[in-house]
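Chemist: this one's sequence-less:
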Ligand SMILES: [Zn+2]
């Protein structure tokens, strides 16, 4: 039996605000708004158990506090610029990483997302 979740949109759930059920997996996932204003999709159980406390900004913030490392947030504009370079296929991975100042792992993630959607 599928467990049915009934949450009220625009109310607080865990550390975030619940906005709407996910279109593909409405009983497992929902759209949430982080304290920083970013909207993201995650599983209800992660939010309720507070394993997920933010869109990812808290993790970045903590890492920065611990290591002094500044991690650039990937904005839609930055993602588009990286995808444009990936599509051009003229720059090596290292060049892309250096040009945009993001890690290899994050460029890889963006690349995978791009190829998964195309
Ligand atoms: Zn956030």
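Modeler: Now that the structure is in, tell me what you want to look at. What you are looking at is a predicted structure, and each value in this text was computed from that prediction instead of being measured.
Chemist: Now do the residue lying closest to residue 16 once chain neighbours are set aside against the ion, distance only.
Modeler: Computed as C-beta to C-beta, 6 or more residues apart in numbering, the closest residue to residue 16 that is not its neighbour in sequence is residue 32, at 4.1 Å. Every residue, glycine included, has its C-beta placed from N, CA and C. In this structure, residue 32 and the ion are 10 Å apart, going by C-beta to the ion, to the nearest Å.
Chemist: What helix or strand is residue 32 located in?
Modeler: Taking DSSP states H and E as the criterion, residue 32 maps to strand 29-33.
Chemist: Just to check, the residue nearest to residue 16 is in contact with residue 47?
Modeler: Yes - between residue 32 and residue 47 there is a contact under C-beta atoms under 8 Å: 6.4 Å.
Chemist: Might you enumerate the residues of this protein proximal to the ion?
Modeler: The chain comes close to the ion at residues 34, 36, 38, 54-55, 57, as judged by C-beta under 5 Å from the ion.
Chemist: hmm, 8 Å instead?
Modeler: Remark: the part of the chain in contact with the ion comprises 34-38, 40, 54-58, using C-beta under 8 Å from the ion.
Chemist: Could I get the full set of helices for this structure?
Modeler: Along the chain, counting by DSSP state H, helices occupy 44-48, 57-67, 76-88, 93-100, 104-117.
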